[in-house]
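Student: what follows is a predicted protein model with its sequence.
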Amino acid sequence: MALSPSNLISKILSPALRLWLRSQVEQAEELEIQIQGQDRQILRGYVPEVSLQTRRAIYQGLRLGQVLLQGENIRINIGQVVKGKPLQLLEPIQVSGEVQLTETDLQDSLSSTILANALTELLIALLERQGVTNPQNFLASYTVQWRAIALEMDSFSLEGTLLFPDHQQQIFKLCACLILINSQSLLLKEIRLEGFPPLTDAIQDYPIDLGTDVAIASLTLRPGELACVGQLLIRP
């Protein structure tokens, strides 16, 4: 029996989108999806708007507290979805929304490869900015483990451990203020790196380029919490 067009969203598109979202994350609680569109639009593979709300999602080991997202002008493979195939994006989409993270969320994410690697890359960049020759080779002599994070008003601190080849350990601490310069640039100011062998002086301000796929409207650091509002280009 053929499925009537009026059932496209409730019977086909919504479950397919939910399954696709579940495939992108390791865990998600209270996943709510709202799809806006007329039958004739969806039959052409065009979805005008999708809104998403979830809590405690885990993406590549990153724990996201609360996520509110909205995507517009979405092109999908509706012909294959109707036949039971997985949903796919056919064109990049611009997603706007808000992400809120607690200090606990970030603390639990320190063991994730994506965050640990990003923090280590930041450490390498700061070493290079201070004139350390071949910082990658320098760090190759140690194992860096990130242990703790603390969020304060407009600032953060990170604590890590350097494991030496002879199994000795040394705790170090990175502290900085975080400022949003524009929609695609952040700035670390008042940077301090304590307990790290090559550096003894204050570190110069360090700009961070977020790339053209990101546009941040606001970034707020408060004691125990981080909130970000902006846009992200999602590519197929």
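Tutor: Everything's here; your move.
Student: how far does the helix or strand of the chain with the lowest mean pLDDT sit from its chain's centre?
Tutor: Here the helix or strand of the chain ranked lowest by mean pLDDT, DSSP states H and E is helix 135-139, holding a mean of 83. Relative to the chain's own centre, helix 135-139 is displaced by 26 Å; criterion: C-alpha atoms, centre = their mean, to the nearest Å.
Student: beyond it, next helix or strand please.
Tutor: For helix 135-139, the following helix or strand on the C-terminal side (DSSP states H and E) is strand 143-152.
Student: tell me the confidence at the closest residue to residue 221 other than its chain neighbours?
Tutor: Among residues not flanking residue 221 along the chain, residue 154 sits closest, at 5.2 Å (C-beta to C-beta, 6 or more residues apart in numbering). No exception for glycine: its C-beta is placed from N, CA and C like everyone else's. pLDDT, the model's per-residue confidence, is 96 for residue 154.
Student: surely residue 154 meets residue 179?
Tutor: Yes: Residue 154 is in contact with residue 179 according to C-beta atoms under 8 Å; the separation is 7.3 Å.
Student: ok, now which ones touch the residue nearest to residue 221?
Tutor: Residue 154 is in contact with 177-179, 221, counting by C-beta atoms under 8 Å, 6 or more residues apart in numbering.
Student: need the contact partners of the least confident helix or strand of the chain.
Tutor: 120, 123-125, 127-128, 132, 198.
Student: at 10 Å instead, please
Tutor: When contacts are defined by C-beta atoms under 10 Å, 6 or more residues apart in numbering, helix 135-139 is touched by residues 120-121, 123-129, 132, 162, 197-198.
Student: can you tell me which of those are in helices?
Tutor: 120-121, 123-129 (DSSP state H).
Student: and which of these is nearest to residue 96?
Tutor: Comparing the ones in helices among the contacts of helix 135-139 against residue 96 with C-beta to C-beta places residue 121 closest, at 27.0 Å.
Student: what's the burial count for the closest one?
Tutor: Residues near residue 121, counting by other C-beta atoms under 10 Å, number 11.
Student: quick one: contacts for it?
Tutor: Residues near residue 121 by C-beta under 10 Å, 6+ apart: residue 136.
Student: what's the pLDDT at it?
Tutor: Looking at residue 121, its pLDDT reads 91.
Student: so which bits of the helix or strand where residue 52 lies are buried?
Tutor: For residue 52, the host element (DSSP H and E) is strand 46-59. The neighbour-count check on strand 46-59 (16 or more other C-beta atoms under 10 Å) flags 46-47, 50, 52-54, 57-59 as buried.
Student: other SSEs contacting it?
Tutor: Applying 3 or more C-beta pairs under 10 Å, 6 or more residues apart in numbering; DSSP states H and E, one finds that strand 46-59 makes contact with helix 14-24, strand 27-36, helix 39-43, strand 62-75, strand 93-102, helix 103-109.
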